[in-house]
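>>> Below are the sequence and a predicted model; questions follow.
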Amino acid sequence: MEQHHHDHHHHEITSLNKAFIIGITLNLAFVVAEFVAGFWYNSLGLLSDAGHNLGDVASLVLAMLAFRLAKVHPTGKYTYGYKKSTVLVSLLNAVILLVAVGIIIAESIGKLMHPRPVEGDAIAWVAGIGVVINGITAWLFMKDKEKDLNVKGAYLHMAADALVSVGVVVSGIVIAHTGWYIIDPIIGLLIAIVIIVSTWGLLRDSLRLSLDGVPMGTDIDKVEEVIHAVEGVKGVHHLHIWAISTTETALTAHIAIENVSDMERIKQEIKHKLLHAGIQHATLEFEMSGIKCNGRCCSEE
């Protein structure tokens, strides 16, 4: 049953390869065009958005690399393979985005103090293309966004970028009709705020998983209740839950039982219930109820 689930997981990863390749190609081409337009028309809004989009391209490349590493077979030195790389990549992506935010904020403040003229119509046209590019890329990841932290990060970033590009379009139109050049650095600051908001959840979840915390969406108390609900289980302790990757969760626990002859049935039933609870790898140690274990009675809850 577990093996069937793992195979299904690998099919999901493989199906995303095309989405990553398309997203990377589209966004890289747009980044080049946006950088050129930003320098040509002296627009910080375009340059900051291009820098953010370049960070997203790097994020997509790293995420695709992590998915490929996650399929590498375990070895004697890496008994889980390189599955943890997906967690490290999601954390790295969050850090990259925060660094980009710092650069954008610094440049925006500088231009607020020393405004320079920009071409509003050109900004609006270039950013309009960005709305389409980012929207298409977000759509590519929308179906699988709840299955993996890296995919969710890619989706959120692309969706946020689409909204940011809409803001740049508006600023370009306003500049073209009013000549209020100060709108450009203000949009740069708004972009920074959007990036911070969209990145915070990714940073929090990635840091939590990298520290072997219980994955978001998994309630350790409910997991313990699920185990206790199995007939024949008298106690649960030394319960640990952590992420092997951004899509696979592991658990270890000591299970106290009264009848050793029921051990195999109890083990299979617990693993079955845990699988439905989103825990793919369960390592269980069984003990007789009432026996002291590290100064604690194994029948205690």
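Nice, I can see it.

>>> Need the nearest residue in space to A138, chain neighbours excluded.
M158 (3.7 Å; C-beta to C-beta, 6 or more residues apart in numbering). Backbone N, C-alpha and C define where each C-beta goes, glycine included.

>>> pLDDT wise, what is that neighbour at?
Confidence at M158, expressed as pLDDT, is 81.

>>> right, and it touches F141 too?
Yes: contact criterion C-beta atoms under 8 Å: M158 and F141 qualify, at 6.9 Å.

>>> Spell out, range by range, the strands that occur in this protein.
233-243, 249-257, 281-288, 292-293, 296-297 (DSSP state E).

>>> Might you list the low-confidence residue ranges for the stretch 151-300 of the chain?
290-300 (pLDDT under 70).

>>> Also the stretch 1-150 of the chain?
For the stretch 1-150 of the chain, residues meeting the criterion pLDDT under 70 lie at 1-16, 45, 52, 116-119, 146.

>>> quick one, phi psi at P215?
Per-residue torsions, P215: phi -60, psi 150 (degrees, to the nearest 10).

>>> Pull the number of nearby residues for it.
22 (other C-beta atoms under 10 Å).

>>> Contacts only, for it.
Shown in contact with P215 (C-beta atoms under 8 Å, 6 or more residues apart in numbering): 205, 208-209, 241-243, 249.

>>> Could you rerun that using 10 Å?
87, 149, 205, 208-209, 241-244, 246-250, 278-279 (C-beta atoms under 10 Å, 6 or more residues apart in numbering).

>>> Most neighbours among those residues, please name it.
That'd be T246 among the contacts of P215, by other C-beta under 10 Å, with 29 neighbours.

>>> H281 reaches A250, doesn't it?
Yes: applying C-beta atoms under 10 Å as the test, H281 and A250 come out as touching, 4.0 Å apart.

>>> Pull up the overlap in contacts between those two.
80, 242, 244.

>>> Closest one of the residues you listed to E285?
Nearest to E285 out of the shared contacts of H281 and A250 is W242 (C-beta to C-beta; 16.5 Å).

>>> what sits opposite that closest one in the beta ladder?
A250 (DSSP bridges).

>>> V72 contacts T86, correct?
No: at 11.7 Å, V72 does not count as touching T86 under the criterion of C-beta under 10 Å.

>>> hang on, the earlier thing: reformat the shared contacts of H281 and A250 as TSV; add distance to N27.
Listed next are the shared contacts of H281 and A250 as TSV, based on distance: C-beta to C-beta, whole Å:
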residue	distance to N27
Y80	31
W242	33
I244	29
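
>>> Which of the residues you listed sits closest to A162?
I244 (32.5 Å).
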